[in-house]
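In: Sequence below, structure please.
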Amino acid sequence: LRILDACAAPGGKTAHLLELAPKAHVTALDASAKRLPRIAENLQRMGLLQGERVVLKAGDATQPQTWWDGEAFDAILIDAPCSASGIVRRQPDVRWIRRESDVAQLAALQAQILNALWPLLKPSGVLVYCTCSVFLEEGEGQAKAFELRHSDAKRMSAPGQLLPRHAEEGSAFIENATPGNPWQLPLDHDGFFFARFQKRSG
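Out: A predicted model of the protein is given here:
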């Protein structure tokens, strides 16, 4: 099982993938080579930087020809660069460092990453796209546009847009990505978006 963690730093997602899939080989990719030692340190601390199970690579996710070895992946995780609008309550400086034009620029980058990495996925493979944003352009709008561009992409069950709610209200509101979506989250959480796609075979 070959998995690509396309925006890996600081390594938490990579570690979780290695824990959930003990026989998987994970490629942890990040645009900045300076962040790779941080990923390595975190994996080492958890005892997960062993053998050939994980490969750390510096590379631009929109330019896979510069780092990809040509062997397709069974699964791809894209925790894409975004406005971070969903975590403002924990990081209030986000509202001051972001400009209105940033959302459109980030949405364009997200689309580039999705388009560039989709061909790297095997038939029947699964791609997960997520952001810590509450904006339509970085969430459902991005997912629907991706579906329109790729006829071989089948939308699967996923939480969709998660909007922050207060813990005292009991349970989180979830705007389901598909009818009958069973995803439920208790108590409070940040704002996130999750979409899952399977590549049709044949």
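In: Only C-alpha atoms from now on, for both contacts and neighbour counts.
Out: Noted.
In: what pLDDT does His150 get?
Out: Note for His150: predicted pLDDT of 98.
In: Quick one: neighbours of it, just the number.
Out: With neighbours defined by other C-alpha atoms under 10 Å, the count for His150 comes to 12.
In: Repeat that for Val103.
Out: Val103: 20 neighbours (other C-alpha under 10 Å).
In: what's the answer for His25, then?
Out: The burial count for His25: 18, using other C-alpha under 10 Å.
In: Repeat that for Ala40.
Out: Residue neighbour count, defined by other C-alpha under 10 Å, stands at 20 for Ala40.
In: Quick check: nearest residue in space to it, chain neighbours excluded?
Out: Leu49 (7.0 Å; C-alpha to C-alpha, 6 or more residues apart in numbering).
In: Give me the below-cutoff pLDDT ranges for the protein.
Out: For the chain, applying pLDDT under 70 flags the ranges 87-99, 165-189.
In: Have a look at it and report its longest helix.
Out: Using DSSP state H to define each element, the chain has its longest helix at helix 100-117.
In: which element follows that one toward the C-terminus?
Out: Next helix or strand after helix 100-117 toward the C-terminus (DSSP states H and E): strand 121-131.
In: can you list contacts of that next one?
Out: 72-82, 84, 118, 138-139, 192-202 (C-alpha atoms under 8 Å, 6 or more residues apart in numbering).
In: Same question for stretch 14-28.
Out: For stretch 14-28, the external contacting residues (C-alpha under 8 Å, 6+ apart) are 1-8, 11, 43, 46, 48, 52-57.
In: if we go to 10 Å?
Out: Stretch 14-28 is contacted by residues 1-11, 13, 29, 36, 39-40, 42-44, 46-49, 52-59, 68, 73-77 when judged by C-alpha atoms under 10 Å, 6 or more residues apart in numbering.
In: buried ones in that stretch?
Out: Applying a neighbour-count criterion of 16 or more other C-alpha atoms under 10 Å, one finds Thr14, Ala15, Leu17, Leu18, Ala24, His25, Val26, Thr27, Ala28 buried in stretch 14-28.
In: And Glu147, how far from Leu20?
Out: 28 Å (C-alpha to C-alpha, to the nearest Å).
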